[in-house]
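K.L.:
Just to be clear, the model below is a prediction. Sequence and coordinates:
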Amino acid sequence: MFDLFKLELFKLRKKLRAWLGPILVFLLITISFPLTVELASDDLKNVFYSILWIASLLTVMVSVEGIFLEDYEDGTLENFSVANDSLFSMVLIKIFIYWLLIGIPISLLGTFFSVSMTGEMSSFYIALPSMLISTYIFINLFALGNSLSLNKGSVLGALITMPLLFPILILLGKIVLNANFGFEISNLLLLMLGVLLLIIVFIPFIISFIIRTHLE
Amino acid sequence: MSGSAMLEVKNISFSINQNRLFQNLSFNLSKGQAIHVKGSNGSGKSSLLRILLGISSASKGEVIWDEEIGKVFLGHKNVLKNHLSVADNLHLHGLDVAHPEVRSILKDLNLDQKAELLVGNLSYGQQKKLALVRIFLNQSSVIILDEPCVGLDDQTRRLITTFLTTELGKNKSIIYTSHIPLELPSSEVIIGIL
């Protein structure tokens, strides 16, 4: 399992445009947004989180676009299946590595921007856990969509995934709302963590089944 | 599983969209045996290999492998990353370009000076040769090749024949499809794939 982790990390690390490109897009959105709107700083504080969630959603969507496509087209997945290696482990590790190389950096960047934008340290406790958890969920869901539309283009995959993302976006909105009114947000974060714990196991399992069907 | 058979194929049939490719095909594969799957284009040779490998399912019949058997397969896809170098691609398959055995095979295939080149910049034939390195250095008991000679020069084809003959001598088993005949000892032809 650790060897597989090392190989998958090597593969993604060597493919700069797959992870660095999306991070730069995220950076561009978060930097350019305050420059392009004329809002009083209080208003900016309120809408900034929405921009953060949408930016992270789009960044993940772009980065996960080809998560399985290359391996499918060059025969890696087929070879994996022949060698009787576990497709489930491979999918699980692949998703984790995408989170490691894309999810964590954009969560840290997003947290940095939210603290500097609001000027309040409390933003750190809202943005960091929310983004760490939500990006992992987004990667899982987009990976599911892309596995469904493996040889039919990524647009279809994104469309299939969109409805599944709405509850998470609503939860993220609720977290900001609760924080603004001074209410507890840990219960909502725990709810999101619970969703993630379910997704972490079930989505890779479903994806590995879908990939096997594609290989047939 | 009967006798020394590593693989038993029992009355398998396969159809795609109601187009029957083959039916009631039966054969065994023993240790040290080579089987040449012959047939015209579109007769279902690749499909048969995919069924044997468990990637696809037969419409009817059974494929029984000795459970302990390791298999290595080279099909139409080379399992290579175009954006990575030759050395990096070998690394992905657990091979170190600096290892004497790997270097020797790369030299035989005239790829020893290309370790740092991107695979996407190699010709089709060179990519195929690189894909063969993985097969040549694999320790699996069964080697399955789908048209291994396509796009290769005479020298490389001879190298494949020599390699496969050596592997047969080591009691390994081979199943291959090829329109270009390989001079392999004891190769058996499956007739009846229409």
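P.N.:
Great, that's in hand.
K.L.:
most centrally placed residue in chain B?
P.N.:
Centroid check for chain B by CA atoms, centre = their mean gives residue B:145 as the closest residue, at 1.7 Å.
K.L.:
Could you give the backbone dihedrals for the one residue in chain A that gets nearest to chain B?
P.N.:
Across chain A, no residue is closer to chain B than residue A:75, which sits at 2.8 Å (CB to the nearest CB). Using the backbone N, CA and C atoms, a C-beta is placed for each residue, glycine as well. Backbone geometry at residue A:75, expressed as degrees, to the nearest 10, gives phi 90, psi 0.
K.L.:
What of residue B:11?
P.N.:
Main-chain torsions, residue B:11, degrees, to the nearest 10: phi 50, psi 50.
K.L.:
Go ahead and confirm it touches residue B:58.
P.N.:
No: judged on CB atoms under 8 Å, residue B:11 makes no contact with residue B:58 at a distance of 9.1 Å.
K.L.:
what about these two, which has more around it?
P.N.:
Taking neighbours as other CB atoms under 10 Å in any protein chain shown, residue B:11 and residue B:58 compare with residue B:58 leading, 22 against 12.
K.L.:
rewinding a little: okay, and the closest residue to the residue nearest to the centre of chain B other than its chain neighbours sits in which element?
P.N.:
Nearest residue to residue B:145, sequence neighbours excluded (CB to CB, 6 or more residues apart in numbering or on different chains): residue B:176, at 4.2 Å. Following DSSP states H and E, one finds residue B:176 within strand B:173-177.
K.L.:
which outside residues touch the helix ranked longest in chain B?
P.N.:
Longest helix in chain B by number of residues (criterion: DSSP state H): helix B:154-169. For helix B:154-169, contacts defined as CB atoms under 8 Å, 6 or more residues apart in numbering or on different chains pick out B:32-34, B:108-109, B:125, B:129, B:132, B:136, B:143, B:148-149, B:152, B:174, B:176, B:180, B:182-186.
K.L.:
Give me the distance from the helix or strand harbouring residue A:18 to the chain's centre.
P.N.:
Using DSSP H and E, residue A:18 sits in helix A:16-36. Put simply, helix A:16-36 sits 14 Å off its chain's centre (CA atoms, centre = their mean, to the nearest Å).
K.L.:
Next, the buried residues of it.
P.N.:
A:18-19, A:22-23, A:25-27, A:29-30, A:33-34 (16 or more other CB atoms under 10 Å in any protein chain shown).
K.L.:
Nearest to residue B:90, out of those residues: which one, please.
P.N.:
Residue B:90 lies nearest to residue A:18 out of the buried residues of helix A:16-36, by CB to CB, at 21.1 Å.
K.L.:
from memory the closest one sits against residue A:66, does it?
P.N.:
Yes: between residue A:18 and residue A:66 a contact is recorded at 6.8 Å, counting by CB under 8 Å.
K.L.:
on that earlier part again, so which strand or helix has the residue nearest to the centre of chain B?
P.N.:
Going by DSSP H and E, residue B:145 is in strand B:142-146.
K.L.:
now that strand: mean pLDDT?
P.N.:
Mean per-residue pLDDT for strand B:142-146: 90.
K.L.:
Just name whatever secondary elements it is in contact with.
P.N.:
The contact analysis (3 or more CB pairs under 8 Å, 6 or more residues apart in numbering or on different chains; DSSP states H and E) places strand B:142-146 against helix B:45-53, strand B:71-74, strand B:173-177.
K.L.:
Swap in 10 Å and give it another go.
P.N.:
Applying 3 or more CB pairs under 10 Å, 6 or more residues apart in numbering or on different chains; DSSP states H and E, one finds that strand B:142-146 contacts strand B:34-37, helix B:45-53, strand B:71-74, helix B:124-136, helix B:154-169, strand B:173-177.
K.L.:
roughly how far apart are the closest residue in space to residue A:103 that isn't next to it in sequence and residue A:82?
P.N.:
Closest residue to residue A:103 apart from its sequence neighbours, by CB to CB, 6+ apart: residue A:135 at 3.6 Å. As judged by CB to CB, to the nearest Å, residue A:135 and residue A:82 stand 33 Å apart.
K.L.:
Check residue B:88 too.
P.N.:
Separation of residue B:88 from residue A:82 (CB to CB): 22 Å.
K.L.:
The two: who's more crowded?
P.N.:
For residue B:88 and residue A:82, the more surrounded residue by other CB under 10 Å is residue A:82, and the numbers stand at 23 against 18.
K.L.:
My guess is that one contacts residue B:77. True?
P.N.:
No: between residue A:82 and residue B:77 there is no contact under CB atoms under 10 Å: 11.4 Å.
K.L.:
which residues are in contact with both of these two?
P.N.:
In terms of CB atoms under 10 Å, 6 or more residues apart in numbering or on different chains, residue A:82 and residue B:77 are both contacted by the residues residue A:75.
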